[in-house]
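Asks: task: produce atomic coordinates for the following.
(2 chains)
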Amino acid sequence: MTITQAAPRRRGMTRKQRRLMLIGLAGVVLTAAVALVLIALNDRIVFFNSPSDIIAEPPAAGERIRLGGLVETNSWEVLSDGVHRFAITDTAETIPVTYRGLVPDLFREGQGVITEGTLGEDGIFVADSVLAKHDEAYIPAEVEEALREQGVWQGEEGDAAP
Amino acid sequence: MIAEVGHFALILATAVAIVQSIVPFWGARTGDGRLMMVARPAAVTQFLLIGVAFAALMHAYIVSDFSLVNVYENSHTDKPMLYKVTGVWGNHEGSMLLWVLILAVFGAAVAVFGRNLPDRLKANVLAVQGWIGVSFLGFILFTSNPFERFEFPPLQGADLNPVLQDIGLAIHPPLLYLGYVGCSIAFAFAVAALIEGKIEAAWARWVRPWTLAAWMFLTAGIAMGSYWAYYELGWGGWWFWDPVENASFMPWLAATALLHSAAVMEKRDALKVWTVLLALLTFSLSLLGTFLVRSGVLTSVHTFASSPTRGLVILAILGVFVGGSLALFAMRSSSLTKGGMFAPISREGALVFNNLFLTAATATVLVGTLYPILLDAVTGETISVGAPFFNFTFGPLIIPLLMAVPFGPMLAWKRGDLWAAAQRLMAAFAAAVIAIVIIAVATGASEVLAALGIGLGVWLVAGALVELANRVQLGRIAFGASFRRLVGLPRSAFGMALAHAGLGVTVLGLVTASTWQTEDILEMQPGDTIIVEQREVTYVGRNRADANNYLADQFRFSVARGDSEFFMTPERRTYPARGETTTEAAIETIWFSQLYISPGEVGADEALTVRIFWKPFVTFIWLGSIVMVIGGVLSLSDRRLRVGAPKASRNRPAIAPAE
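Replies: Numbers count the residues shown, from 1 in each chain, chains lettered A, B, ... in the order given. So this is what the prediction gives:
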């Protein structure tokens, strides 16, 4: 097939110049994207911690972290207006948690959960989200790993979550 | 017996797919027309056989044949019939079967409607479809066979995950798969073009409608999934930047880019190499999505340890297709002829701008999705990458693109005039500024970002309208003449305007619902009242509302404002078969806004913990997607693009003879 090519006009650029300009623009956008990603990876990601991790190496004040483990038996109480107080344990260490909101349907004592929030100066973890998956057999992978480290992991009873 | 027929049909389908992947390809190599002609019946037969297998599995679900492991694990005799049917794909094995069924549907569609395709291109395209089919059929047969039997069948099934017992399961996965798998057509065309080392004129005319169709299904599937998560999970969120969501969002972004670059290729014969690369990347991202969701890698990288074969096989398929196609691209792309030239300020330039920002944005989503998985695999450190990451990276890349959208259609091909385009867009710009000022004044300038966001949405909607007005020369010629022009516009013009306006509507919904949402978490005893958006929400009390396969507590709320009153009844259900509890939030749509009530636990004295949201204009988020899809349908129905319209190639007999 034949393609009529626009002849470079007086104001126009040559094919090479146009291509260079395109590559330049692409370079700028990609550099911006890379910079954004690097900055975000530096301070906009959230690390997972087990209670032992927090005791061993407390997070900086105000740093958002995820705290995961088992909800300690007999620790869960519901205060007024949806404030929950419970403790998360990996059997070696235990961290008290407060959370205002509705807990997931499968939240119960002895169940593995992940909470996200910040550790207060009083040592109480203030969570703004609580995750527990909709599956009886499910234990969050991070929690499973942390429990393995503590040597209390009992192994899977059911199949993995779908 | 019927299950065995299904199993056997699946094995036969694999055999046919093997034939389809080798014989036509060989024919195209050697120029043997008879070998190439095998592609068509093979594709149709493959579709019929997989259809038989799918029907057999559905039959097993409908009659609750618990001698099949798959049916036992995911069904129950007390389950409503709708969920028995949809439960077919509410599990790993069944959903993979749906995946290959849809792949076969697309393959058969190309075979049947592709009469006007050059023989060699068609043979190669169907052969590539065959390769994909063989891979996934093999995957199903060897690692995920839905027809596996028990030696001693149980009497009752384990029931379907209650969260999936919803109409959403009937709609969301098929739509999403139609989108994912639809991208395989563009992929097959791209690989065929690379194998032949040339791109014929028919190429873009074919790739564009198929990509458009896949894009529509993806758009609808993602929107449906978002709404499903919104009402079912009870958290009131519509997008969580969850890896599973990203898995479908990345192909959508890439398909959107492909749609635009294919337009350049069709109209101006430019950006060929780039379009081919995008077609490869779009399907690669679809495969990646399938891998992320189906391999279990997202629950944990360690799922590889418990079920190593499945994940590894999909990873291998992913590696072969992505690596193979990119290697082919590297070897052959230089043989594709370079196309027409264009000035930086032109329609083509605008579409390149679109592609640049869309691919960069896709890349950030890709990094954010894969980084935690790779980090965990390499260092064992567990992190979560969520909304803060994506808002920071994706936002700055997508906002300039959204601002540029109305300019694109205003610029002429080859060489455009930015200043003239800006002048023509003055009305849209004025509308956006007025919206910003009104919002800023009304909210006391406290929500500047939200006001700007509203301005952006208005700019997109108004820009689309101005573009149409400009096409019909509204105001410049007599109104009647403008109207006749409007009627005479090709449907694709309306399609584009609607798609861009729909984007604006979605932006408006996102901004309003996330900025002005109110949330109350409180404990209510029967009789308690709370005021939400000038409405009295009263907790009336609770009663039992058991159904066939679950026990339920229903909580009755009355919502009153002046004389009007209505009731909302969220529920908490317990499914005894699986011992699981789910929350069914109650949602009342008031104009475009929604009142959302999600119940929690019942404590002492019948006190119910409850979460009540007011979500202003939240429905715009999904309505905008529907508008986009309607735009896609209109474009697709345009005579010029209609799938298989044979006139197109006859009109240009000089271009690209098949041999």
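Asks: how far off centre is the host helix or strand of B:G495?
Replies: Assigned by DSSP states H and E, B:G495 belongs to helix B:491-515. Helix B:491-515 has its C-alpha centroid displaced from the chain centroid by 16 Å (Cα atoms, centre = their mean, to the nearest Å).
Asks: same thing with stretch B:252-266?
Replies: 15 Å.
Asks: ok, that stretch near chain A or not?
Replies: No: Stretch B:252-266 does not reach chain A (Cβ under 8 Å from any Cβ of the partner chain); its nearest approach is 11.9 Å. Where C-beta positions appear, they are placed from N, C-alpha and C, glycine not excepted.
Asks: neighbouring contacts of that stretch?
Replies: B:179, B:183, B:186, B:203-205, B:207-208, B:211-212, B:214-215, B:218-219, B:222, B:270-272, B:274-275, B:278-279, B:281-282, B:285, B:339, B:347-348, B:351-352, B:354-355, B:358-359, B:361-362, B:365 (Cβ atoms under 8 Å, 6 or more residues apart in numbering or on different chains).
Asks: from the chain's centroid, how far away is the helix or strand that the helix holding B:G495 is followed by?
Replies: Remark: after helix B:491-515, the chain's next helix or strand is strand B:518-524, criterion DSSP H and E. Distance, stretch centre to chain centre, for strand B:518-524: 34 Å (Cα atoms, centre = their mean).
Asks: so which bits of strand B:518-524 are buried?
Replies: For strand B:518-524, a neighbour-count test (16 or more other Cβ atoms under 10 Å in any protein chain shown) marks B:520-524 as buried.
Asks: B:E73 contacts B:A158, doesn't it?
Replies: Yes: counting by Cβ atoms under 8 Å, B:A158 is a contact partner of B:E73 at 5.3 Å.
Asks: mutual contacts of those two, please.
Replies: With Cβ under 8 Å, 6+ apart, B:E73 and B:A158 have no common neighbours.
Asks: show me which of the buried residues of strand B:518-524 is closest to B:R535.
Replies: B:D520 (12.1 Å; Cβ to Cβ).
Asks: dig out what the closest one forms beta bridges with.
Replies: Beta-bridge pairing for B:D520 (DSSP bridges): B:I612.
Asks: least trustworthy helix or strand in the chain by mean pLDDT?
Replies: Using chain A. The weakest-scoring helix or strand in chain A, judged by mean pLDDT, DSSP states H and E, is helix A:141-150 (a mean of 67).
Asks: I was after chain B.
Replies: helix B:303-306 (a mean of 38).
Asks: right, and the helix or strand after that one?
Replies: Immediately after helix B:303-306, counting by DSSP H and E, sits helix B:308-332.
Asks: now whatever helix or strand comes next after that following helix: buried residues?
Replies: For helix B:308-332, the succeeding helix or strand toward the C-terminus, using DSSP H and E, is helix B:347-379. Judged by neighbour count using 16+ other Cβ under 10 Å, the buried positions of helix B:347-379 are B:347-373, B:375-376.
Asks: so which of those residues are also by chain A?
Replies: Near chain A, by the rule Cβ under 8 Å from any Cβ, you find B:352-353, B:356-357, B:360-361, B:363-364, B:367-368, B:371-372 out of the buried residues of helix B:347-379.
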